[in-house]
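1. Mind folding the following:
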Amino acid sequence: MDTIRWKPAPDARPPISDTPNRPSGPTTTYRIALLLPFLTDQADPQGLTVPERSVPALQFYAGAMLALQRLSEAGMNLEVEVLDTRLSDSDFQRLLDHPRLQRAQVIIGPMRPSHISLMAERARQTKQIVVSPESPTMGLTRQNPDFIQTTPSLRAHGAAIVQHILASYRPENVSIVLRRREAERTPLFQPTDGRRFAEILTPDEGNFFDKIDLEPCFRPGQTAVFVLPTWGNQDFVMAFFRKLSAVRKGRPVAVYGLPQWRQFENIEPEYFANLNVHISSATYIDPANDAVRAFQQTFYDAYGTVPDDDAFNGYDVLTLTGQWLQRFGLSFPQRLPAEPLFTGLRTTYRFARVPAEGPAPSERLSAHYDYLENTYVHILRFQNYRFEPAW
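-> Residues are numbered from 1 along each chain as shown. Presented below is the predicted three-dimensional model:
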């Protein structure tokens, strides 16, 4: 466990802003709890090595510390409690009663879905603000207007893919391709305005496409578009690529998939290029961006290693949380849906209310929505041997 109290430096440089002078007067001190799985109970007693599973937490923490330093230089007073969540639900349940956690006004973390559910339920009772920086799972909490999910859910990915398709193609040329046991996902990838994409369901196992005829998907002079909302089955995606390559006969096609396709190791890049493959992505770190390069250099100078995606996530989430507190105070969850985009190094953020389920609004005891979710999703296209923004 760690306690960090950031105070303005006496000779602090002013932040880069359009405002020439910093407001005078007393500055509010905000109390933040940062919950990460450092797994200190599994660390080497001599301190020579750390558990591999704790590396994401360390990277996130390192990025967060750079953000906190910058916020302090900008004049913010932040008291930050850093707590190790460990892995087990029983350990985390005990942590919920820790007085340092109970004092926090804003909680960032935890990372494990089961821990997030426990934390969200406790915070709903205590009226603490929870910023969840990792899990994209839908429905982790209900009737919890102070819960903010910064990672887009599958629902947001589906909406972004549909929007991108309808901006360029006719719905009658689009087919959703899934195994039968995944059919419950199709509503998330269908238009919501009454138009419909065709649906192609394959066997769950074996030779997925032996008896599937893709020829009806092609229309003269038009692009055949296929959406595969599957993430873990590389064999299924590869089988589809082979089938489509065999039947397309030079006709134009476009294929849309999910972020996990970037980690597929057994698919040749030529398939991604020749089949015009697009994927949705919660993040896009532009290697040519000057701010990204500056952060990478600062991170390396501070820690002697390069930042990974978790480090960028930690920096973005802490920076945004500090900026929200500075602009809106503790009422910032209610203000976010009315704000335009927030731009970070790792991604862009656009928050929307997730509609509440259950009784009619007049019968509910709390808010008319369950929680806030970042709904901004990038659409990337494979080109120049990597996935780059498609719009």
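2. give me every residue that touches the nearest residue to D41 once chain neighbours are set aside.
-> Nearest non-adjacent residue to D41, counting by Cβ to Cβ, 6 or more residues apart in numbering: R86, 6.0 Å away. Just so you know, the C-beta spots here come from the backbone N, C-alpha and C atoms, and that holds for glycine as well. By Cβ atoms under 8 Å, 6 or more residues apart in numbering, the residues touching R86 are P37, L39, T40, D41, F92, L95.
3. and which of these is nearest to Q143?
-> Closest to Q143 out of the contacts of R86 is F92 (21.9 Å), distances taken as Cβ to Cβ.
4. As a check, name the ranges of all strands in the stretch 101-250 of the chain.
-> Taking DSSP state E, counting those that start in this stretch as the test, the strands found in the stretch 101-250 of the chain are 106-108, 129-132, 147-149, 174-179, 198-202, 224-227.
5. measure R386 to L380 for me?
-> Using Cβ to Cβ, to the nearest Å, R386 is found at 9 Å from L380.
6. Check which residues of stretch 98-118 are buried.
-> 101, 104-112, 115-118 (16 or more other Cβ atoms under 10 Å).
7. swap that for stretch 252-269, sorry
-> Buried positions in stretch 252-269, judged by neighbour count with 16+ other Cβ under 10 Å: V253, A254, V255, Y256, G257, L258, P259, W261.
8. can you redo the strands of the stretch 101-250 of the chain as JSON lines with distance to L166 and mean pLDDT?
-> Conversion of those to JSON lines gives the following (distance: least, Cβ to Cβ, whole Å; pLDDT from 0 to 100):
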{"stretch": "strand 106-108", "distance to L166": "36", "mean pLDDT": "98"}
{"stretch": "strand 129-132", "distance to L166": "30", "mean pLDDT": "98"}
{"stretch": "strand 147-149", "distance to L166": "25", "mean pLDDT": "97"}
{"stretch": "strand 174-179", "distance to L166": "9", "mean pLDDT": "97"}
{"stretch": "strand 198-202", "distance to L166": "14", "mean pLDDT": "96"}
{"stretch": "strand 224-227", "distance to L166": "10", "mean pLDDT": "98"}
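9. so which of these comes closest to N276?
-> Between these, strand 224-227 lies closest to N276; by Cβ to Cβ that is 9.2 Å.
10. That closest one pairs with which strands, parallel or anti?
-> Strand 224-227 has its sheet partners listed here by DSSP bridges as strand 174-179 (parallel), strand 253-257 (parallel).
11. nearest to P191, of those?
-> Here strand 174-179 is closest among the strands paired with strand 224-227 (Cβ to Cβ), at 9.1 Å.
12. Work out the gap between the closest one and the centre of the chain.
-> 24 Å (Cα atoms, centre = their mean, to the nearest Å).
13. hmm, who's touching that strand?
-> Outside of strand 174-179, the residues within contact range by Cβ under 8 Å, 6+ apart are 165, 185-186, 189-190, 197-204, 208, 217, 224-230, 233, 236, 240.
14. try 7 Å
-> With contacts defined as Cβ atoms under 7 Å, 6 or more residues apart in numbering, strand 174-179 is touched by 165, 185-186, 189, 197-202, 204, 217, 225-230, 236, 240.
15. Can you say which of those are buried?
-> Applying 16+ other Cβ under 10 Å to those flags 165, 186, 189, 197, 200, 202, 217, 225-230, 236, 240 as buried.
16. Excluding chain neighbours, what is closest to the residue nearest the centre of the chain?
-> For the chain, T151 is the residue whose C-alpha lies nearest the centre (Cα atoms, centre = their mean; 2.3 Å). Excluding the flanking residues, the one nearest T151 by Cβ to Cβ, 6+ apart is P136, at 4.4 Å.
17. and if you look at F208?
-> Spatial nearest neighbour of F208, excluding adjacent residues (Cβ to Cβ, 6+ apart): T202 at 4.4 Å.
18. again with V377
-> A160 (3.6 Å).
19. can you count the residues close to the one you found?
-> Neighbour count of A160, defined by other Cβ atoms under 10 Å: 20.
20. same question, D97
-> The local packing of D97 (other Cβ under 10 Å) involves 9 other residues.
21. for it, what are its contacts?
-> By Cβ under 7 Å, 6+ apart, D97 lies in contact with nothing.
22. Give me the distance between it and D41.
-> Distance of D97 to D41, given as Cβ to Cβ: 18 Å.
23. Any regions of this protein where pLDDT drops low?
-> For the chain, applying pLDDT under 70 flags the ranges 1-26, 46-48, 358-367, 391.
24. at 50 what do you get?
-> The chain contains residues with pLDDT under 50 at 1, 6-25, 360-366.
25. Do you have the helices of it handy? List them.
-> Under the criterion DSSP state H, helices of the chain are mapped to 55-73, 89-95, 99-102, 113-126, 154-166, 234-247, 269-274, 290-303, 309-328, 332-335.
26. I'd say F387 and I279 touch.
-> Yes - the pair F387 / I279 is scored as a contact, 6.2 Å apart, by Cβ atoms under 7 Å.
27. who touches both of these two?
-> R262, L380.
28. show me the contacts for the residue nearest to D310 when sequence neighbours are not counted.
-> The shortest distance from D310 to any non-neighbouring residue, by Cβ to Cβ, 6+ apart, is to Q59 (3.8 Å). Counting by Cβ under 7 Å, 6+ apart, Q59 makes contact with P307, D308, D310, A311, G314.
29. That's all I had, so thanks and see you.
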